[in-house]
Each structure stands twice: as C-alpha cells, then as structure tokens.
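Asker: I would like to see how this sequence folds:
(chains A and B)
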Amino acid sequence: MEIKGSAMAGTLESSDASIVVAPNADKGIVIDLISSVEKQFGEDIRRTVKQVLKELDVEDAIVKIQDRGALDCVIRARLQTAVLRAANGKSFDWEGQRHV
Amino acid sequence: MDYLGLTEYILTREDQKLRGAVGAFLQKQGLRLEEGVDYTYALVDGKELVATGSLEKNVIKCVAVRQDYQNMGLTNKVISQLVYAAHKGGKEHLFIYTKPGNLQIFTDLGFYKIMALADKVVLLENKRDGIRDFVRQIKQKACFEGRASAVVVNCNPFTLGHQYLIEQAAEESEFLYVLVVSEDKSVFPADVRLKLVQEGTDHLKNILVQETGSYLISSATFPSYFLKEESVAVSSHAALDLEIFANYFAPILNISRRYVGEEPYCSLTNVYNEKMKVILPSYGIVVREIPRREAVQQAISASWVRGLLKENRLEEVKALVPETTYRFLMTEEGRHIIDKLKGLRPML
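Answerer: Residues are numbered from 1 along each chain as shown, chains lettered A, B, ... in the order given. A predicted model of the protein is given here:
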C-alpha cells in the first residue's frame, strides 16, 4: 500500500496508542516511538510495527507512535487503521492479512 | 472515561451558553477562554463541567481539569480529542501553551519543550527538535558563517519605511536575516507580505528574506500580539517570544544584532521593543533602534498606508510605498485587499 497522506488513529489514553502514519520522501520505514514502557517493550513494539507494515505492503512511511502501554493487538489495530486512512483505502482485507 | 459516565461536548463559536460555562470554569482555574479559540472540547459530569481544552488553529490552550477529577487520565482524553480534531483539519504540527507546572504531563504525551518562563508560561511542540530544524534550514539557505544581524517584520503592507529600515540594517551589517511574520492574521496575506518584502529588497545582496514560521510573533509564541489589546499577558508573551529568539535563532544563525524600527504609534509593539532592549542584551545581542523614515514630516507606517487605502487616496499611498508594492496594489489581488479594507468584503 502506498502512503498518500498523513493519517492518525488511536488516543493518548492509558492502554492505548496514538499513531500517525505519513509519507516518507526519503524512502524506507522510519519509526519514531515514544512509550511509557519503552525500556521493557520498545523492541517488541518496533517488531510489531515492522510486521504490520510488511503485511500491508507498506515500503515507505514515517510512523510516529505515542504508546501508553497498549497491548500488541491494540498497536496492530491502531496501525492498520492509520495505514488504511493514510493510503485513502476504502476496503480492508481483514481476513487475508495474516497469512504469514 | 466511560466508567465515570461523563458526557462529551464539542463547542462551536456560536454556542454562547456553553462557552460562558467554560469561561467561568477556566476563570476558577486562573485561566480564561481566549477570543481566538475555534474549537473547544468539554467533559461534563451530570451538569457540572469537569475538564476542558481548546484549539486555536495549531495551538492547544485553555486546558484544565477540576481538582477532584485529576489523576484519572482526563487530560489525556482532552488532548487526544484536540490532537485528533487538529489532525482532521490538516494541522499536524501542534503547540501547547500552558503553565510550567503542567510541563511533565505534556512531555509524557509526546510534546517537547521549546521555552519556559519561570512560573508564567511554557510552550511545547509535538515535533522533536522542530524549532532547531526550522532555524537550521534558514541557516542552510543563507550560506553565511560570520556574525549576522536580524530584523523581524510583519509589513502589512511593505512601505518605504520598512525598506529604509532594512537598507540601513543591511548597510551596517555583513549579513542580514529579514524574518517576515508568517501568521495569517493581517489584511495582507502572509504570502503577499513575503513577496512584497522580497521584491522591495531585491537590490540588496547581503540579505536573506525568510518566513518566521510558527516560531516568532505567531499565535503560538505571542498570542496577544494579534488581539491588539493591552493586557498583563502582553509582557510575558513578549518575553517568551524574545527568549525563543535569543535561545534558538540567535545562536544557530550567529546573530549579534537585532534591528527594530522606532515605534511611535502602537503601544503593544512598544512594549515588545522595550522588552527587547532588556532581554536581548543579556544574551550579548545588541538592539539597534532605527528612527522611522518620514514623509511630509510624519513617520511612515503601514497603518497609515492602510488608512489611506481605505479612503481610496492612492496618490498619497504612492509616495509612501516602494514601486513594487504600489504595482501590487494595482493588480486584481491588490484591489481585492483594498476592498476588504474599505469593508466592502468581509475580512478573513
């Protein structure tokens, strides 16, 4: 999926994450993570983000995450939503996306 | 905070009754609902307001949570909503204007401190190194390494007075940064003002004309400037703006002198200039005040020009502005602005 504009999903409330996905003019994936549990789970969150982007065929994007201790499934959901919005997508293949 | 059973309200400008309630609530917290606010979010428990926050363009302000509802995550909910609303309106680069006591709350939410004035105000933005990157970009365009000077101007519109000030400053300096206010709250739009400064200073070779972005004399750094009303806030807003100049613009651009035109008319600008003479020298920056250029024994000012335009006295305007500005006034776009001044078209 091609990131066409900047889009946001999620909130700053506890146990959630606020994620902004924007185009990256320099190509590649840039992850800017701020997390209240950075020390404990920073790497796990980054891994999840990379995986979701790969599943959605996103090659170039800037992903800004403000994590407030969200569970893995929440981060996945918020990121998928943000990517879909940023790609101006109308439909999403919810079933087919986890064929890893 | 669904478990608290709070009701959400989003206030528009027209919603006078609720605005009154928000205003009264903020007053109890030592704040006030500012004029320019264009989006307000409120959380109500039963009939009582317990938390609120507002948005003025890209600035989050007037955020307050009632004492007995603090530490329940309501600030996060308010900020989330405001960030989301701003984002939907295409504004991603956001600022927060708040009391220094709230600094920690907002840095936890992903905002970065730009500048704090002890026990008065603190300004934050949601971009890491946003201001440094902005000033560094200006530096790159200048390709100049030595000691420079700066002048910050609004030019609404660009007059012979501004031209004279810039010429004087350029003559006395090795290199001059001309920073034109970007905030779009003047009759002449920001892009027009910038263009007229560029055209009217094209003959000067040792200057660089750039925009101030959100970082100088903007609704983020100097909210009361655009209200043009005198309040106690003016002096602390002015101080915040000047501290930002002294701590970011001056060191990165190697500015050792700031030029300013003498201000015989506007008392608010006068407060700013006086403050400048106190703050900047403490950072080793010299403030040079240039007397206004006069025409028919009266100091030229943009407000004078606007007054003449309003009365359609174009011949007199011709004597007060550079040819480039006059030529613009004769274009369709220029006519349109003159009509706005005359009140024939609604002001933006």
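
Asker: How many residues are close by residue B:65?
Answerer: Burial measure for residue B:65: 22 neighbouring residues, criterion other Cβ atoms under 10 Å in any protein chain shown. C-beta: built from backbone N, CA, C; applies to glycine.

Asker: any idea how far it is from chain A?
Answerer: 14 Å (Cβ to the nearest Cβ, to the nearest Å).

Asker: And for residue B:215?
Answerer: From residue B:215 over to chain A the distance is 21 Å, taken as Cβ to the nearest Cβ.

Asker: That residue and residue B:243 touch, don't they?
Answerer: No: in this structure residue B:215 lies outside contact range of residue B:243 using Cβ atoms under 8 Å: 11.7 Å.

Asker: out of the two, which sits in the busier spot?
Answerer: Legend: neighbour count by other Cβ under 10 Å for residue B:215 and residue B:243, higher for residue B:215 (25 against 19).

Asker: Show me the residue at the heart of the chain, geometrically.
Answerer: I went with chain A, as the question did not name one. residue A:79 (3.0 Å; Cα atoms, centre = their mean).

Asker: nope, chain B please
Answerer: Centroid check for chain B by Cα atoms, centre = their mean gives residue B:218 as the closest residue, at 1.3 Å.

Asker: Nearest residue to that residue in space, please, no chain neighbours.
Answerer: Leaving out its chain neighbours, the residue that sits closest to residue B:218 by Cβ to Cβ, 6 or more residues apart in numbering or on different chains is residue B:183, at 4.8 Å.

Asker: ditto for residue B:57
Answerer: Leaving aside its chain neighbours, residue B:57 sits nearest to residue B:219 (6.0 Å; criterion: Cβ to Cβ, 6+ apart).

Asker: Tell me how far the one you found lies from chain A.
Answerer: Distance from residue B:219 to chain A, by Cβ to the nearest Cβ: 22 Å.

Asker: Same check on residue B:209?
Answerer: Distance of residue B:209 to chain A, given as Cβ to the nearest Cβ: 25 Å.

Asker: For the helix or strand that residue falls within, output the C-alpha coordinates as CSV.
Answerer: Residue B:209 belongs to strand B:207-211 when assigned by DSSP states H and E. Extracted in CSV, the C-alpha atoms of strand B:207-211 (Å, rounded to 0.1, in the frame of the first residue of the first chain):
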residue,chain,number,x,y,z
ILE,B,207,20.3,39.7,3.0
LEU,B,208,18.1,36.7,3.2
VAL,B,209,14.3,37.0,3.4
GLN,B,210,12.6,34.1,5.2
GLU,B,211,9.4,33.4,7.0
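
Asker: Close to chain B: what parts of chain A are there?
Answerer: Neighbours of chain B within chain A, by Cβ under 8 Å from any Cβ of the partner chain: A:6-8, A:11-14, A:18, A:20, A:22, A:32, A:34, A:36, A:66, A:68.

Asker: could you redo the last one with a cut-off of 6 Å?
Answerer: Those residues of chain A that sit near chain B, judged by Cβ under 6 Å from any Cβ of the partner chain, are A:6, A:8, A:11, A:12, A:13, A:14, A:34, A:66.

Asker: ok, and the closest non-adjacent residue to the residue in the stretch 201-348 of chain B that chain A sits nearest to?
Answerer: Among the residues of the stretch 201-348 of chain B, residue B:214 lies closest to chain A, at 17.2 Å counting by Cβ to the nearest Cβ. Once flanking residues are discounted, residue B:214 sits nearest to residue B:220: 5.0 Å by Cβ to Cβ, 6+ apart.

Asker: who are the neighbours in contact with residue B:286?
Answerer: Neighbour list for residue B:286: residue B:257 [criterion: Cβ atoms under 6 Å, 6 or more residues apart in numbering or on different chains].

Asker: Give the bridge partners for it, please.
Answerer: For residue B:286, the beta-bridge partners are residue B:257 (DSSP bridges).

Asker: ranges for the strands of the stretch 201-348 of chain B?
Answerer: In the stretch 201-348 of chain B, the segments counted as strands under DSSP state E, counting those that start in this stretch are B:207-211, B:255-261, B:286-290, B:294-295, B:298-299.
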